[in-house]
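**Q** Predicted model follows, preceded by the sequence.
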Amino acid sequence: MKTLITARFDPQYINELNNYATELRFDGYGVNGIKMETGRLIAALDGVELLICECERITKEVLEAADSLKIILCCQSEASSVVDVEAATQKKIPVIFAGGENAAAAAEYIIGLILCVSRNIVRSDRMLRSEYGVFDGSFLGGDTGSSFVPWDGPLMAGKTFGMIGFGAVGLQVARLTHALGMELLIYDPYVKQPSIQHLNAELVNLDTVMSESDFISIDCPKKRGVKGLISRDKIGLMKNDAYFVNTSCAWVLDYDALYEALSEKRIAGAGLDVFPLEYTLRKNKFLSLGNAVLTPRLASATRDIVSHHTRIVLEQLNLMLHGKMPNFICNPQVLKN
């Protein structure tokens, strides 16, 4: 198959890809970090049967012009963010994606954010670097003692972790929280209790997660994210010493209500990796809060991500070409038919 690769691609898998591809071409985002515009992408797809993409927009216009295209491998955890799946389905083009590519990375980051905000890691680092920094005996276990109190924080062990939504990231978080000796509460209307029995977790309603958890994290896929699900009323159910983390979907959460809860110390803290569009850097009022740790959408940013998504999409391609249904496919009906 003539193949166009516009994704970042791990070269260690080239030999495996050569089992299926007779001609390889690399272009676009994966080469220079610049997404190909529609006209150039259409021209590059001339005669191409297999497309491996990541950030280029595979629109209806592109698909209608790509007469030879037979398979799309999208190196994203949700292909619909860049591929017009409906248009691909109409042309009977299977769209395979890298399901769970960043799940472990995001799960580790969630735990990291919680530790940073709850154990005051970022605040204490900033203090020591500032002109007000003091490093006296209290930090070394000395008997001065008093200045230690503002920097202490809760253990995670023995506490309750609440998950809102339970996808691939949630599964990885569950494994980490289990290792830390935590209880796990899950709210997800799409999940059944038997499927999580081995995790020692309990399915509960949203109000229970919000009111009984010591740490809460959102894991709502975009296609399931309900706008405003975590409303002012839901935030009002949280314990005064609870922490909230969002690395998933901004629109699920009422950020204004969260800001008020943090600024009024009605909850202990928050770690935020995603924000609504209106929260630009200059207008992000969370920057003024000492009990919030903010990062610029870095939860999935690891040096291993390219290797992971390359391996996953090629595994799925191998399944399909051997007559099996891929695990991560947006439109399985095109193969069933």
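**A** It's in.

**Q** hey, let's count contacts and neighbours off CA atoms from now on
**A** Fine.

**Q** quick one: low-confidence parts of the stretch 101-250 of the chain?
**A** For the stretch 101-250 of the chain, residues meeting the criterion pLDDT under 70 lie at 131-149, 221-225.

**Q** Let me see the ranges of the helices in it.
**A** 103-118, 121-129, 168-179, 206-212, 232-235 (DSSP state H, counting those that start in this stretch).

**Q** Would you mind writing the CA trace of stretch 244-253 as PDB?
**A** Taking Å, rounded to 0.1, in the frame of the first residue of the first chain, the C-alpha atoms of stretch 244-253 are listed here in PDB:
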ATOM      1  CA  PHE A 244     -10.200  18.500  42.900                       C
ATOM      2  CA  VAL A 245      -8.200  17.700  39.800                       C
ATOM      3  CA  ASN A 246      -9.100  18.200  36.100                       C
ATOM      4  CA  THR A 247      -6.900  17.000  33.300                       C
ATOM      5  CA  SER A 248      -9.800  16.000  31.100                       C
ATOM      6  CA  CYS A 249     -12.500  18.300  29.800                       C
ATOM      7  CA  ALA A 250     -12.900  21.900  30.700                       C
ATOM      8  CA  TRP A 251     -16.600  22.200  29.800                       C
ATOM      9  CA  VAL A 252     -17.600  19.500  32.300                       C
ATOM     10  CA  LEU A 253     -16.700  21.800  35.200                       C
END
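
**Q** Outside of that stretch itself, which residues are in contact with it?
**A** 106, 110, 113-114, 215-222, 225-231, 269-276, 297, 299 (C-alpha atoms under 8 Å, 6 or more residues apart in numbering).

**Q** Those residues, buried ones only, as a PyMOL selection?
**A** The following PyMOL line selects those of the contacts of stretch 244-253 that are buried, judged by 16 or more other C-alpha atoms under 10 Å:
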select buried, resi 106+110+113+114+215+216+217+218+219+220+221+225+230+231+269+270+271+272+273+274+275+299
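
**Q** Check whether residue 22 really touches residue 15, as I assumed.
**A** No. Taking contacts as C-alpha atoms under 8 Å, residue 22 lies outside contact range of residue 15: 11.3 Å.

**Q** the strands in the stretch 201-337 of the chain, which residues?
**A** According to DSSP state E, counting those that start in this stretch, the stretch 201-337 of the chain carries its strands in the segments 201-203, 215-218, 243-246, 269-272, 292-294.

**Q** err, the stretch 51-200 of the chain, not the other one
**A** Using DSSP E, counting those that start in this stretch, strands in the stretch 51-200 of the chain cover 71-74, 95-97, 160-164, 183-187.

**Q** how about JSON lines for these, with mean neighbour count and distance to residue 151 added?
**A** Output for the strands of the stretch 51-200 of the chain, formatted as JSON lines (neighbours: other C-alpha atoms under 10 Å; distance: least, C-alpha to C-alpha, whole Å):
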{"stretch": "strand 71-74", "mean neighbour count": "25", "distance to residue 151": "45"}
{"stretch": "strand 95-97", "mean neighbour count": "28", "distance to residue 151": "43"}
{"stretch": "strand 160-164", "mean neighbour count": "25", "distance to residue 151": "22"}
{"stretch": "strand 183-187", "mean neighbour count": "23", "distance to residue 151": "25"}
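
**Q** Of the ones you listed, which is nearest residue 264?
**A** strand 160-164 (22.4 Å; C-alpha to C-alpha).

**Q** Identify the neighbouring strands of the closest one in the sheet and state each direction.
**A** strand 183-187 (parallel), strand 215-218 (parallel) (DSSP bridges).

**Q** Identify all contacting residues around the shortest one.
**A** Around strand 215-218, the neighbours that count as contacts under C-alpha under 8 Å, 6+ apart are 110, 114, 160-165, 209-210, 242-249.

**Q** Same question for stretch 51-71.
**A** 3-8, 28-30, 35-38, 41-42, 45-50, 72-76, 82-84, 87-88, 92-96.

**Q** What would that stretch look like as CSV? C-alpha coordinates only.
**A** What follows is stretch 51-71, C-alpha atoms only, in CSV (Å, rounded to 0.1, in the frame of the first residue of the first chain):
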residue,chain,number,x,y,z
LEU,A,51,-2.9,7.4,5.9
ILE,A,52,-1.2,7.7,9.3
CYS,A,53,-2.2,11.1,10.7
GLU,A,54,-2.1,12.9,14.0
CYS,A,55,-2.9,16.6,13.8
GLU,A,56,-3.9,17.3,10.2
ARG,A,57,-7.6,17.9,9.8
ILE,A,58,-9.0,15.0,7.7
THR,A,59,-12.2,16.8,6.6
LYS,A,60,-15.0,15.8,4.4
GLU,A,61,-13.4,17.8,1.6
VAL,A,62,-10.2,15.9,2.0
LEU,A,63,-11.9,12.5,2.1
GLU,A,64,-14.0,13.2,-1.0
ALA,A,65,-10.8,14.1,-2.9
ALA,A,66,-8.9,11.1,-1.7
ASP,A,67,-10.1,8.5,-4.2
SER,A,68,-7.5,5.9,-3.4
LEU,A,69,-7.7,6.1,0.4
LYS,A,70,-8.6,2.8,2.1
ILE,A,71,-7.5,3.0,5.7
